[in-house]
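**Q** turn this into a model:
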Amino acid sequence: MTHFPAARHYPDTTFINADLVLVCHGELTSFSQELESRGFLVLGVHQTDDGLWKACFALDHESGEANFQVLLQRLLSGLEALPQGWMNRWNTLSCRSLDLGFEAGTETRHYSRRISTGLLRRMVALDIELVITIYAPVPEPLSLAVI
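**A** Have a look, this model is predicted:
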């Protein structure tokens with residue numbers, strides 16, 4: 001995952017972001033501009049050392065559990081609405097990953113979240129693989145006491 005959220009301290013494990021990562025053999029600049037025009041945030045587009053092109057996108061959202069399913073619906077709806085010409089380009093991508101980011105809470109003993117079968121079917125129809133990234137809790141900064 002290339003999009004790192006700002007450090008926050010959550011007592012409970014929390015959903016923090018969803019990144020769409022695309023990889024292909026041809027350049028992705030124009031495709032990235034099309035997604036940006038549809039509300040996606042372009043987090044980066046570059047050519048890797050092995051000659052592949054990689055692009056990372058997100059949708060702006062508030063962190064937290066309430067937005068988890070809604071964000072996935074928005075992301076998939078944006079992709080499903082691409083005109084046929086752009087869908088043809090989508091089909092040439094060698095990798096389409098949806099990376100869901102969670103920060104492990106400092107007090108959470110277990111954590112589970114559901115992705116509905118409807119959303120999973122939509123992901124499969126778009127040939128998107130699901131990646132789950134768990135960020136370790138960020139330690140609280142040490143404060144220095146004045147003696």
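
**Q** helices along the chain, start to end?
**A** Listed in chain order, the helices of the chain (DSSP state H) span 29-37, 68-80, 84-90, 117-125.

**Q** list the buried residues in stretch 23-42.
**A** Neighbour-count burial for stretch 23-42 flags Val23, Cys24, Leu28, Phe31, Ser32, Glu34, Leu35, Phe40 (criterion: 16 or more other CB atoms under 10 Å). Where C-beta positions appear, they are placed from N, C-alpha and C, glycine not excepted.

**Q** thinking the fifth one is in contact with Ala55, fair?
**A** So the one you mean is Ser32. Yes. Look at Ser32 against Ala55 with CB atoms under 8 Å: they come within range, at 5.1 Å.

**Q** need the residues touching each of the two.
**A** In the contact map built from CB atoms under 8 Å, 6 or more residues apart in numbering, the residues linked to both Ser32 and Ala55 are Val42, Val45.

**Q** re the thing from before, closest to Phe102 out of the helices of the chain?
**A** Smallest distance to Phe102 across the helices of the chain (CB to CB): 9.6 Å, for helix 68-80.

**Q** and that closest one, what's its mean pLDDT?
**A** The predicted model gives helix 68-80 an average pLDDT of 90.

**Q** centre of the chain to that helix, how far?
**A** 11 Å (CA atoms, centre = their mean, to the nearest Å).

**Q** and Asp12, what does it touch?
**A** Taking CB under 8 Å, 6+ apart, we find Asp12 in contact with Gly105, Glu107, Thr108, Tyr111.

**Q** now for the biggest strand by length in the chain, which elements pack on it?
**A** For the chain, the strand with the greatest residue count under DSSP state E is strand 14-24. For strand 14-24, the packing partners by 3 or more CB pairs under 8 Å, 6 or more residues apart in numbering; DSSP states H and E come out as strand 53-58, helix 68-80, strand 95-103.
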